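Undergrad: have a look at this prediction, sequence included:
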Amino acid sequence: MNRVLLFLFVGLMLAACARDEVQNPLDNELQKLLDRRAPGGDRRHFVLPHETDYANIPQDPANPLSADKVALGKMLFFETGLAVDAMKENGMGTYSCATCHVPSAGFMPGRIQGIADGGVGFGRNGESRNKLDNYQPEELDVQGARPLSMLNVAYVTNSTWSGKFGAGNVNEGTEYAWEKEPATEINHLGFQGLESQNMEGLGLHRMLVNKPILDSLGYTGMFDRAFPGMPEEHRYGKMGASFAISAYLRSLLTTQAPFQRWLRGETMAMTDIEKGGALLFYGKAGCYRCHKGPALSSVEFHALGVKDLFEAGAFATDENDLRNLGRGGFTGRQEDMFKFKVPQVYNMGDSPFYFHGSSKRSLHEVVEYFNEAVPENPRVPEENLSPFFHPLDLTDREVEELVQFLENGLRDPNLQRYVPQEVLSGNCFPNNDTESRWDLGCK
């Protein structure tokens, strides 16, 4: 009898604990708020698909996802053996896509600006990369705006800060602009942003893909398995490589972030401070107005009056860089000037540089900038500033809660699952120069 009573007591206690967990007022409040914010009134709208749930990951119909494509793209993204069109001999075979999209840095550069060809060194998080002595700044493969994160880009139909790549969606009606910049002529092929950008990017970033190179590195069989029906002239070239890399990038989903776990029913995955920050994100702070959907991003463009990358001391960019104009630099429309695409915000705490110009160095600085809403770039006309850029009136406590949600609640702690153990060339990766090999512990 005593044993029966003990079992009943334990059962009642466990049930009470479960009820207490469900009845946490912060959980209830956040669940109701998310239901209000979600299209259709269901907070499951914000849940990311699993990274292997290929049927439910957004994709280009011309490039349906498959395990073979993702596996090939995962190798190519880190393969320094493709870097055979370097400007100078000592740059050959020393960089990869991951040089400027470092997994441990949230698939962003670990410094203010990525350096592919012409760079040397890595450090611990990509922060120590610098210019090779025999490269002039204008010879470097660098960007005039900070590279965006590759996380959750499956939800990006038109890529780059200006949204210039991709034939459809927001680029319908911009055909006139595709001829002005040779890189965007590729939009005439009709692909979405990732596929278009990666086809163009292989050449831009001085990488070469052809049958002899793939044979020498050992990738031909993987291309055959990934693209059995693609004509060989496309399969072993930029199109096949781009489709594989794009498939891999679409699988980079932050499904293990505490907020995603909370959305799937693990109410203890976030702390109360992080839940308070989520309430602010979807409430008083108004972040949800731009950072939408499962990826907390949107293909919308806003001017926030932040400084440009040349002001942070970056290479090969200046006040006249067309990329400082954001969307307007692509469309030429006055109303688009200084407006930049809304980025996703998962794992943004992994690299301490923010906005297209790397002008902020912590998430606390970012939140304070939005809270105060005082533009820092005098070149941005007031009439172009986003209507959402206004003082938020957050208290110090609320600022800290929002920072905690952004820094911890939205951080997937296991991005290493997206990194191969080795690439077929046997090279060091993501960089293969002598200093990087030392930094990375390669043999």
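TA: Structure's in. What do you need? Numbering: from 1, shown residues only.

Undergrad: what's the single longest strand in this structure?
TA: In the chain, assigned by DSSP state E, the strand with the most residues is strand 298-302.

Undergrad: following element in sequence after it, please.
TA: helix 327-331 (DSSP states H and E).

Undergrad: now do that next one, average pLDDT.
TA: For helix 327-331, mean pLDDT is 98.

Undergrad: over to stretch 409-420?
TA: On average, stretch 409-420 scores 98.

Undergrad: who's in contact with that stretch?
TA: 51, 74-75, 78, 103-104, 106-107, 151, 251-252, 254-260, 262, 270, 274-275, 277-278, 296, 345-350 (C-beta atoms under 8 Å, 6 or more residues apart in numbering). (C-beta placed from N, C-alpha, C; glycine too.)

Undergrad: what count of nearby residues applies to the residue lying closest to Ser359 once chain neighbours are set aside?
TA: Closest residue to Ser359 apart from its sequence neighbours, by C-beta to C-beta, 6 or more residues apart in numbering: Lys307 at 4.1 Å. Neighbourhood size, Lys307 [other C-beta atoms under 10 Å]: 20.

Undergrad: could you dump the longest strand of the chain to PDB, C-alpha only?
TA: Provided in PDB are the C-alpha atoms of strand 298-302 (Å, rounded to 0.1, in the frame of the first residue of the first chain):
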ATOM      1  CA  SER A 298      12.800  39.300 -45.700                       C
ATOM      2  CA  VAL A 299      13.600  40.400 -49.300                       C
ATOM      3  CA  GLU A 300      12.700  43.900 -48.400                       C
ATOM      4  CA  PHE A 301      15.000  46.900 -48.400                       C
ATOM      5  CA  HIS A 302      15.400  49.600 -45.700                       C
END
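
Undergrad: follow-up on the earlier one: so how far is Ala145 from the residue nearest to Ser359?
TA: Taking C-beta to C-beta, to the nearest Å as the measure, Lys307 falls 11 Å from Ala145.

Undergrad: mutual contacts of these two, please.
TA: Gly357.

Undergrad: the nearest residue to Val84 once chain neighbours are set aside: neighbouring residues, count only.
TA: Excluding the flanking residues, the one nearest Val84 by C-beta to C-beta, 6+ apart is Leu208, at 4.9 Å. By other C-beta under 10 Å, the residues close to Leu208 number 17.

Undergrad: quick one: Leu208 is in a helix?
TA: No. Under DSSP: H, G, I helix; E, B strand; the rest coil, Leu208 sits outside any helix and is assigned coil.

Undergrad: and it, what is it in contact with?
TA: Contacts of Leu208 (C-beta under 8 Å, 6+ apart): 82, 84-85, 202.

Undergrad: most surrounded residue in the residues you listed?
TA: Leu82 leads those on contacts (other C-beta under 10 Å) with 27 neighbours.

Undergrad: ok, now how distant is the spatially closest residue to it that is not a sequence neighbour from Gly193?
TA: Of all residues not flanking Leu82 in the chain, Met207 sits nearest, at 4.3 Å (C-beta to C-beta, 6+ apart). Distance of Met207 to Gly193, computed by C-beta to C-beta: 19 Å.

Undergrad: cool, Asn169 as well?
TA: Taken as C-beta to C-beta, the span from Asn169 to Gly193 is 8 Å.

Undergrad: can you give me the end-to-end span of stretch 169-183?
TA: End-to-end distance for stretch 169-183: 18 Å, by C-alpha to C-alpha, to the nearest Å.

Undergrad: now do the longest strand of the chain: which elements does it pack against?
TA: Contact analysis of strand 298-302 by 3 or more C-beta pairs under 8 Å, 6 or more residues apart in numbering; DSSP states H and E lists strand 340-342 as its packing neighbours.

Undergrad: what's the strand it packs on packed up against?
TA: strand 298-302.

Undergrad: where does the protein have low pLDDT?
TA: Scanning the chain for pLDDT under 70 picks out 1-22.

Undergrad: strands of that one, start to end?
TA: 119-120, 130-131, 298-302, 340-342.

Undergrad: who's in contact with the longest one?
TA: What that stands for is strand 298-302. 156-158, 162-163, 169-170, 290-292, 326-327, 336, 339-342, 386, 388-389.
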